[in-house]
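# sequence first, predicted coordinates after that:
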Amino acid sequence: MKKITLLAALAILMLAACEKDTVSTDGNSSNGELANLTIGIVRDYLPLDLVRQNSTVVFKNADGEEKKLQIHLLEEEKEKAYGNRTYESEHIEIRYLDESDRTYQLKTIASANYTEGGPNEFVNISLLTTVNEGYMPTIPIFADKSPVFSELLLPMIDILGETFENVYTNLPGNLETVTSFSRLYYTIELGVVGFEGWEGEMWVLDRFEE
């Protein structure tokens with residue numbers, strides 16, 4: 001069984017990014033600072049229209065019970081460093097928060113960084129939780145829509161009777177020790193479409209609400 005930790009996923013993300021499509025910049029400035037980066041292609045990999053027009057995303061379980069998560073959208077410029085030079089990078093962050101259970105949250109980030117291969121942009125989706133001794137499901141998606149491993153892009157999947165196409169998912173943790181918050185599913189059009197809660201209970205995207 002393959003397993004991956006959050007730190008390992010991020011390390012793979014940065015290493016693989018060196019071989020991915022690069023984003024456009026205005027060129028290096030004359031004072032030695034790096035040119036600022038903007039998010040281009042991967043902006044379209046976020047459900048921005050849905051999260052801007054709504055305040056709540058609703059998931060349901062196998063029994064038809066609903067879980068309403070609050071949507072929080074942040075768009076900003078972040079100061080970053082590469083080597084001994086700094087730059088500003090556009091940063092978009094979407095969080096789904098469960099007001100009745102703060103032990104977890106769904107977080108999607110779109111950003112751009114300088115790497116050894118040049119500037120690169122990506123989306124990173126995580127199921128952040130206070131359990132599982134640091135294991136957190138993570139899905140990196142690059143500008144060319146490729147995941148870290150090809151088997152993490154599913155042509156089609158059924159989640160509690162709902163069918164989704166072109167679904168990104170994470171590598172599972174050690175299922176002998178991780179029984180909660182271990183699975184995460186994401187599509188380009190809808191964002192997070194499914195996740196695992198406590199004791200393996202699955203939740204599937206039902207709708208967005210204003």
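Okay, I see it.

# tell me the bridge partners for the residue nearest to the spatial centre of the chain.
Taking CA atoms, centre = their mean as the criterion, Ile125 is the residue nearest the geometric centre of the chain, at 1.2 Å. Beta-bridge pairing of Ile125 under DSSP bridges involves Thr108, Ile139.

# and it, what does it touch?
The contact partners of Ile125, taken as CB atoms under 8 Å, 6 or more residues apart in numbering, are Leu106, Lys107, Thr108, Ile109, Thr138, Ile139, Pro140, Ile141, Tyr168, Leu184, Tyr186, Val192. C-beta here means a position set from N, CA and C on the backbone, and glycine is covered the same way.

# and the last one, how many neighbours?
In terms of burial, Val192 registers 24 neighbours under the definition other CB atoms under 10 Å.

# what pairs with it across the strands?
The partner residues for Val192, given DSSP bridges, come to Tyr186.

# for it, what are its contacts?
Listed by CB under 8 Å, 6+ apart, the contact partners of Val192 are Val57, Tyr96, Leu106, Thr108, Ile125, Leu184, Tyr185, Tyr186, Leu205.

# looking at stretch 79-91 now, give me its mean pLDDT.
pLDDT averaged over stretch 79-91 equals 91, rounded to a whole number.

# and it, how far apart are its ends?
From the first residue to the last, stretch 79-91 extends over 10 Å; the measure is CA to CA, to the nearest Å.

# just how off-centre is that stretch within its chain?
Mean C-alpha position of stretch 79-91 versus that of the full chain (CA atoms, centre = their mean, to the nearest Å) differs by 21 Å.

# returning to what we had before: give me the distance between the residue nearest to the centre of the chain and Leu97.
As judged by CB to CB, to the nearest Å, Ile125 and Leu97 stand 15 Å apart.

# mind giving me the packing neighbours of the helix or strand Ala112 falls within?
Element membership for Ala112, per DSSP states H and E: strand 104-115. Helices and strands touching strand 104-115, as assessed by 3 or more CB pairs under 8 Å, 6 or more residues apart in numbering; DSSP states H and E, comprise helix 6-17, strand 66-82, strand 85-97, strand 118-129, strand 191-196.
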